[in-house]
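> Only the shape, not the letters, is given here:
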Ligand code: FES
């Protein structure tokens, strides 16, 4: 699928570039020219980067870890409901 229309760059090209070592948005801009014309593809490029496990902050976290919370307990609303609980 074409990600950057202005430069005719597909997601496959972006993935290939990442596989060859590109590890930042700026590097992809330099290597492929993505988001250097109208800039509308920036979010999509970053999305492909995230899918490839590239964290823009280079913090080492590949993907956000979903936090599982315990199921919410219904809150007693009235005085009598609170008293009964
Ligand atoms: S669509 Fe990528 S710069 Fe325009």
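Arrived safely. All values reported here derive from a predicted model rather than from experimental measurement.
> could you list every residue that touches residue 8?
Contacts here follow CB atoms under 8 Å, 6 or more residues apart in numbering; on that basis residue 8 touches residue 2. The C-beta positions use only the backbone N, C-alpha and C, and glycine is treated the same way.
> State the distance from it to residue 50.
Using CB to CB, to the nearest Å, residue 8 is found at 22 Å from residue 50.
> For residue 33, which residues are in contact?
Applying CB under 8 Å, 6+ apart, we find residue 33 in contact with 4, 7, 9.
> could you redo the last one with a cut-off of 6 Å?
residue 7 (CB atoms under 6 Å, 6 or more residues apart in numbering).
> and the gap between it and the ligand?
Residue 33 sits 8 Å away from the ligand, going by CB to the nearest ligand atom, to the nearest Å.
> Show the pLDDT at that residue.
Looking at residue 33, its pLDDT reads 96.
> now do residue 47
pLDDT, residue 47: 91.
> what residues does the helix or strand harbouring it touch?
Using DSSP states H and E, residue 47 sits in helix 42-51. The contact list for helix 42-51 (CB under 6 Å, 6+ apart) reads 3, 11, 14, 34, 35.
> could the residues you listed go into a markdown table alongside secondary structure?
Shown next, in a markdown table, are these (DSSP: H, G, I helix; E, B strand; the rest coil):
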| residue | secondary structure |
| --- | --- |
| 3 | strand |
| 11 | helix |
| 14 | helix |
| 34 | coil |
| 35 | coil |
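> so, if you compare these, which one comes nearest to residue 55?
For the contacts of helix 42-51, the minimum distance to residue 55 (CB to CB) is 15.6 Å, reached by residue 14.
> Name the residues of stretch 19-38 that are buried.
Within stretch 19-38, the residues scored as buried using 16 or more other CB atoms under 10 Å are 22, 23, 25, 28, 29, 31, 32, 34, 35.
> quick one, phi/psi of the third one?
Note on residue 25: backbone dihedrals following degrees, to the nearest 10 are phi -60, psi -40.
> measure it to the ligand for me?
Residue 25 is 12 Å from the ligand, by CB to the nearest ligand atom.
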